[in-house]
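Participant: need a 3D model of the sequence below.
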Amino acid sequence: MAWAFNGLSVDVERREVRRGPRPVRVEPKVFDLLVYLIRHRDRVVRKDELINVIWGGRFISESALTTRINGVRRAVGDTGKEQYLIRTLRGKGFRFIGEVVDSVVTPQPSYSEESSDLRTRPLRSASMYRTSVIILPFRTLSYDFQERWFAEGLLEEVVVALSRFGSLSVLSANRYFLPSLASKHTGQHYDLRSYIVSGSVYRFEEKIRIQLQMMESNTGSVEWADRFDGALVDGFLLQGKLALTIASRIASHIQMAETMRFRSASSSNATPYELRSQAHPIFSSGRRQVLHSLALLERAIELDPDYGLALADAANGCQILDVNGWVDNRELNRRTAVKFARMCLRASDDPVPVAISAFVLAYFGENIDVSMDLLGNALTLNPAFAKGWYMSGMTQLYAGLPESAVEHFEKSIQLNPRDRITRRSRAGLGVAEFFRGQFDNAISLLRSTIEEFPLWATPYCVLASGHAHLGFLHDAEGVTRRLRKIDTVPVPGATQFRHNAHRALLLPGLRLAGIR
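Facilitator: The predicted structure follows:
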């Protein structure tokens, strides 16, 4: 006997739970509970009945039963708060309320027997789709020991920093490595491209200059180039700081290059990696593009339910819809976002999707301390993730900590000031200044933000409120009119901000401005 529900399959005979093609680890008692609840889903199952059947009447504490029920929820992607699959009825028991269909169990294919054509074989986990980056030795113009020492040390630091992006496969070239092999290294199973980073280090007295460029291996086109200066006396400190900045910009430009590569490609037969790349403009577009991107991401998740980056991006897309007021059923959208974020946290330990998911959970009112811990751990593991610092800054604002938020926004800008996403940190700085009562500074920062991001509702709300607090009601109304011309959907409130004083500061200004 086997059942299917919510992207999962339960095979009673094999005692297996699978999410798509991948097994889910389930303890024996948890599996027995799940099967019993599904089998008796037409009624409420009492606690004493579960103890009698599953434990043979042996005494167990109620907390032990609760722990196993929580294990069932984790296995099927549910939580005690949501209860959209397993309902708790106080004083009565539990009931499985998901829609279940009988499932035909088919043997899992052996990859050794698969066709060499990716599009005609079952997809492997999309987490295995990693774009290759080959770092060539940095050239030096002299035999100066300090110059060579700095170049070699910087190379090693960049390799380490880039390796912390789970979507990248990093190869450090040395004198025994032939650059001609670069095109063979990349995506040998998945037809992905590789990118080659080369650079030069110049020393003049106590100053050091690094010039870098990144080429696409097949065409030789330069995808990115930049120059960095520093003082050689800073030594290790400068190497570490530059490595994070360089890694952040390389990762960002690879994502942009891959997005452009698949932008006009057909999505009808695309892989999860291609679908996620096509969906990436979700972060800088209007409502229609966000909905289109979400549709692409949901298809990627259907093909690979454990694709952490797609799950995190889908959760982030739902958050973007909410923050701009672009969704009719806000509660349904919130539940969807939380579901994607929690699925990502279960499926991936890559710091990038973990950070994004933690930010989404913080925005939608989940435990703010847990979200900050998750973000802090993710950024410790990958401190070069510039967008993560922006999201951490916003989470600090939600928690009522504008001072620490400023530090995180500045870190994001420092790592990648040209990236469109991290430039939103300027808006974050404006919001932080607003909450600190520095309305003039906030207005100065947010005026330029709405010019660069004219579809983002939050800066309009805070800017209008800032004008209203200073008594400039005409200016506040002007900001409101401009927002209304962009979208007539009511903008969201301030529920994501946990600090009562901050909400009290924001909401009167919004009312004065006519937004609420």
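
Participant: in three-state terms, label L33 for me.
Facilitator: Judged by DSSP: H, G, I helix; E, B strand; the rest coil, the three-state class of L33 is helix.

Participant: should've said V10
Facilitator: V10 ends up strand, using three-state DSSP.

Participant: skipping adjacent residues, who's closest to it in space?
Facilitator: Counting by Cβ to Cβ, 6 or more residues apart in numbering, W3 is the residue found nearest to V10 once chain neighbours are left out, at 4.9 Å. To be clear about C-beta, it is placed using only N, CA and C from the backbone, and glycine gets the same treatment.

Participant: please identify the helix or strand for Y195.
Facilitator: Taking DSSP states H and E as the definition, Y195 sits inside strand 194-204.

Participant: ok so, going back, hang on, the residue nearest to V10 in a strand?
Facilitator: Yes. According to three-state DSSP, W3 belongs to a strand.

Participant: hang on, D229 packs against Q211?
Facilitator: No. Taking contacts as Cβ atoms under 8 Å, D229 lies outside contact range of Q211: 10.0 Å.

Participant: re earlier: which helix or strand lies directly C-terminal to the strand holding Y195?
Facilitator: Along the chain past strand 194-204, the next helix or strand (assigned with DSSP H and E) turns out to be strand 207-216.

Participant: in its sheet, what does that following strand sit against?
Facilitator: Note on strand 207-216: by DSSP bridges, its sheet partners are strand 194-204 (antiparallel), strand 222-231 (antiparallel).

Participant: so which of those strands is the most packed in?
Facilitator: Most buried of these by mean neighbour count (mean count of other Cβ atoms under 10 Å) is strand 194-204; its value is a mean of 20.

Participant: can you get me a residue count around N324?
Facilitator: Using other Cβ atoms under 10 Å, N324 is surrounded by 21 other residues.

Participant: same check, this time on E99
Facilitator: 9.

Participant: where in the chain is the helix or strand with the lowest mean pLDDT?
Facilitator: Within the chain, no helix or strand scores below helix 182-185, which has a mean of 43 by mean pLDDT, DSSP states H and E.

Participant: centroid-nearest residue for this structure?
Facilitator: Centroid check for the chain by Cα atoms, centre = their mean gives I356 as the closest residue, at 3.0 Å.

Participant: wait, what's in contact with the spatially closest residue to that residue that is not a sequence neighbour?
Facilitator: Residue nearest to I356 in three dimensions, not counting chain neighbours: A312, with 3.9 Å by Cβ to Cβ, 6+ apart. The contact partners of A312, by Cβ atoms under 8 Å, 6 or more residues apart in numbering, come to F340, A341, C344, S348, V352, P353, V354, I356, S357, V360.

Participant: so the second one makes contact with A315?
Facilitator: Yes. Counting by Cβ under 8 Å, A341 sits close enough to A315 to count as a contact (4.1 Å).

Participant: and the pLDDT at the residue nearest to V10?
Facilitator: pLDDT for W3: 85.

Participant: and it, bridged to which residues?
Facilitator: V10, D102.

Participant: any idea how far it is from M256?
Facilitator: 43 Å (Cβ to Cβ, to the nearest Å).

Participant: what about the longest helix seen in the chain, average pLDDT?
Facilitator: Across the chain, the longest stretch assigned as helix under DSSP state H is helix 236-262. Averaged across helix 236-262, the pLDDT comes to 90.

Participant: ok, R346 - contacts?
Facilitator: R74, G77.

Participant: check which element follows the strand or helix carrying it along the chain.
Facilitator: Per DSSP H and E: R346 is located in helix 330-347. Sequence order places helix 351-363 as the next helix or strand after helix 330-347, per DSSP H and E.

Participant: which one of the contacts of A312 is nearest to D48?
Facilitator: Of all the contacts of A312, A341 has the smallest distance to D48: 35.4 Å, by Cβ to Cβ.

Participant: give me every residue that touches the closest one.
Facilitator: Residues near A341 by Cβ under 8 Å, 6+ apart: L311, A312, A315, I356, S357, A358, V360, L361.

Participant: now swap in L429 and tell me
Facilitator: V406, F409, E410, L445.

Participant: now, of these, which are buried?
Facilitator: Buried members of the contacts of L429, scored by 16 or more other Cβ atoms under 10 Å, are V406, F409, L445.

Participant: so between W3 and M256, which is more surrounded?
Facilitator: W3 (20 against 17).

Participant: surely the more buried one is in contact with V101?
Facilitator: Yes. Using Cβ under 8 Å, W3 is in contact with V101, at 7.0 Å.

Participant: I'd like to check the angle between the strand holding Y195 and helix 236-262, please.
Facilitator: 150 degrees (axes from the mean of the first three to the mean of the last three Cα atoms, to 10 degrees).

Participant: quick one: distance of strand 194-204 to the chain centre.
Facilitator: 30 Å (Cα atoms, centre = their mean, to the nearest Å).

Participant: what of stretch 261-274?
Facilitator: How far stretch 261-274 lies from its chain's middle: 20 Å, per Cα atoms, centre = their mean.

Participant: buried ones in it?
Facilitator: Of the residues in stretch 261-274, F262, A270, T271, P272, Y273, E274 count as buried by neighbour count, 16+ other Cβ under 10 Å.

Participant: show the backbone phi and psi for the residue nearest to the first one when sequence neighbours are not counted.
Facilitator: In this structure, F262 finds its nearest non-sequential neighbour in S277, 4.5 Å apart by Cβ to Cβ, 6+ apart. Backbone torsions for S277, taken as degrees, to the nearest 10, come to phi -60, psi -40.

Participant: now for S277: which residues touch it?
Facilitator: Q255, E258, T259, R261, F262.

Participant: just the closest of the residues you listed to A247, please.
Facilitator: Closest to A247, out of all of these and judged by Cβ to Cβ, is Q255, at 12.8 Å.

Participant: what helix or strand is A315 on?
Facilitator: Under the assignment here (DSSP H and E), A315 is part of helix 308-323.

Participant: so how far is that helix from its chain's centroid?
Facilitator: 7 Å.

Participant: the inter-axis angle of it versus helix 351-363?
Facilitator: Put simply, helix 308-323 runs at 30 degrees to helix 351-363, going by the same axes, to 10 degrees.

Participant: now helix 308-323 and helix 330-347, what's the angle there?
Facilitator: 160 degrees.

Participant: what's the first-to-last distance across stretch 136-146?
Facilitator: End-to-end distance of stretch 136-146 (Cα to Cα, to the nearest Å): 19 Å.

Participant: which among the contacts of A341 gets closest to Q414?
Facilitator: I356 (20.1 Å).

Participant: alright, that wraps it up for me.
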